[in-house]
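1. task: produce atomic coordinates for the following.
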Amino acid sequence: MPMIDVVGAELHYRLDGPADAPVVMLANSLGTALGMWDSQMPALTRHFRVLRYDMRGHGASSVPDAPFDIERLGRDAVALLDALELSRVHFCGLSLGGVVGMWLGAHAPDRLRKLVLCNTAATLGPRSLWDARIKAVARGGMAAIAEAVLDRWFTARFRQRDPAAVERVRQMLLTTRPEGYIPACAAVRDADQRANVVEVRAPTLVITGARDSATPPSEGHWLAARIAGARYVKLPAAHLSNIEATPLFNERVLGFIAAQGE
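-> The predicted model follows:
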């Protein structure tokens, strides 16, 4: 299992696709792992080398001994690129991964070719929501929040149409270690990229879900209006649009990052 040492953690990563192709880096959402991108792999690896990784505290990456914030997660991403000797990548992040993308766009612009911000926001909901979730997980583990989270991540129609896909995500959530999830929740709670997004200069695509209650389309509009030249698209999905609207998601992301002269 390939691992990279970063400050205070070990990161699990995976590379797929042609070794000589441009690299697309994918960053997971809170409570998931790099497997959340499985539906994108057949499409992306036809044209790109794809770097996926588990953020600290998630998947097979180590659980940190100390609290961390969005800056730390952004520096983890840069450290991974440095260790793999990747100078510039296309970066696509969803939810928490998108917040990390905003940080990179403002603080490590030379590492980005293009940026895709999916189902994300500069601030992610009221503090009270995250404090309650932290308390619930501390008391009852991941099972205490799993169903409520899945209700936010997928529409009822999709949960009925593709229960196998929902079950795969449920297992990712349930196997996330509470001691990794809780500090990540705190990082999300405290995240505020409103001052940073205006500094983003990489060509940017903002993707939202029409039924996303966690990061509503209005948040995506806000981002697109403040990032110079950003494109905006709304997909028929809730929060995990890459899973619920896979064909459209893949089409939009590939069309954007593969386009020349941008």
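2. for the chain, which segments count as helices?
-> Here the chain has its helices, by DSSP state H, at 41-44, 70-83, 96-107, 127-140, 146-153, 156-161, 163-174, 178-190, 217-226, 241-244, 246-258.
3. I'd like the ones you listed written out as a markdown table, with mean neighbour count, distance to P203 and mean pLDDT added.
-> Every residue, glycine included, has its C-beta placed from N, CA and C. Conversion of those to a markdown table gives the following (neighbours: other C-beta atoms under 10 Å; distance: least, C-beta to C-beta, whole Å; pLDDT from 0 to 100):
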| stretch | mean neighbour count | distance to P203 | mean pLDDT |
| --- | --- | --- | --- |
| helix 41-44 | 17 | 17 | 98 |
| helix 70-83 | 19 | 18 | 98 |
| helix 96-107 | 25 | 10 | 98 |
| helix 127-140 | 14 | 31 | 97 |
| helix 146-153 | 16 | 28 | 97 |
| helix 156-161 | 14 | 30 | 98 |
| helix 163-174 | 16 | 30 | 98 |
| helix 178-190 | 20 | 26 | 97 |
| helix 217-226 | 17 | 12 | 98 |
| helix 241-244 | 26 | 20 | 98 |
| helix 246-258 | 18 | 8 | 98 |
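4. need the nearest residue in space to A83, chain neighbours excluded.
-> Residue nearest to A83 in three dimensions, not counting chain neighbours: I4, with 4.6 Å by C-beta to C-beta, 6 or more residues apart in numbering.
5. for A27, find the nearest of the helices of the chain.
-> A27 sits nearest to helix 96-107 of all those, at 3.1 Å, using C-beta to C-beta.
6. angle of that closest one against helix 178-190?
-> 50 degrees (axes from the mean of the first three to the mean of the last three C-alpha atoms, to 10 degrees).
7. okay if I get the helices of the chain as TSV plus distance to R52?
-> Shown next, in TSV, are the helices of the chain (distance: least, C-beta to C-beta, whole Å):
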stretch	distance to R52
helix 41-44	8
helix 70-83	11
helix 96-107	10
helix 127-140	25
helix 146-153	19
helix 156-161	23
helix 163-174	13
helix 178-190	17
helix 217-226	23
helix 241-244	12
helix 246-258	14
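8. of those helices, which is nearest R201?
-> When the helices of the chain are compared by C-beta to C-beta, helix 96-107 sits nearest R201, at 7.3 Å.
9. on contacts alone, who are the packing partners of the closest one?
-> Helix 96-107 is packed against strand 23-27, helix 70-83, strand 89-94, strand 112-118, helix 178-190, with contacts defined by 3 or more C-beta pairs under 8 Å, 6 or more residues apart in numbering; DSSP states H and E.
10. okay, the angle between the second one and helix 178-190?
-> Spelled out, it's helix 70-83. Compare the direction of helix 70-83 with that of helix 178-190 by the same axes, to 10 degrees and you get 110 degrees.
11. just checking the distance from helix 70-83 to the centre of its chain.
-> In terms of C-alpha atoms, centre = their mean, to the nearest Å, the centre of helix 70-83 is set 14 Å apart from its chain centre.
12. CA atoms only: put it into CSV for me.
-> Provided in CSV are the C-alpha atoms of helix 70-83 (Å, rounded to 0.1, in the frame of the first residue of the first chain):
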residue,chain,number,x,y,z
ILE,A,70,-7.6,23.5,6.1
GLU,A,71,-4.1,24.9,5.8
ARG,A,72,-2.7,21.7,7.1
LEU,A,73,-4.7,19.7,4.6
GLY,A,74,-3.6,22.0,1.8
ARG,A,75,0.0,21.6,2.8
ASP,A,76,-0.5,17.8,2.9
ALA,A,77,-1.6,18.0,-0.8
VAL,A,78,1.5,20.0,-1.7
ALA,A,79,3.7,17.6,0.2
LEU,A,80,2.2,14.7,-1.7
LEU,A,81,2.9,16.4,-5.0
ASP,A,82,6.5,17.2,-3.9
ALA,A,83,7.1,13.6,-2.8
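13. got the contact list for that helix?
-> 4-9, 11, 13, 25, 27, 51, 53, 55-56, 87, 89, 91, 96, 99-100, 103-104, 107-108, 111, 187, 190-191, 193 (C-beta atoms under 8 Å, 6 or more residues apart in numbering).
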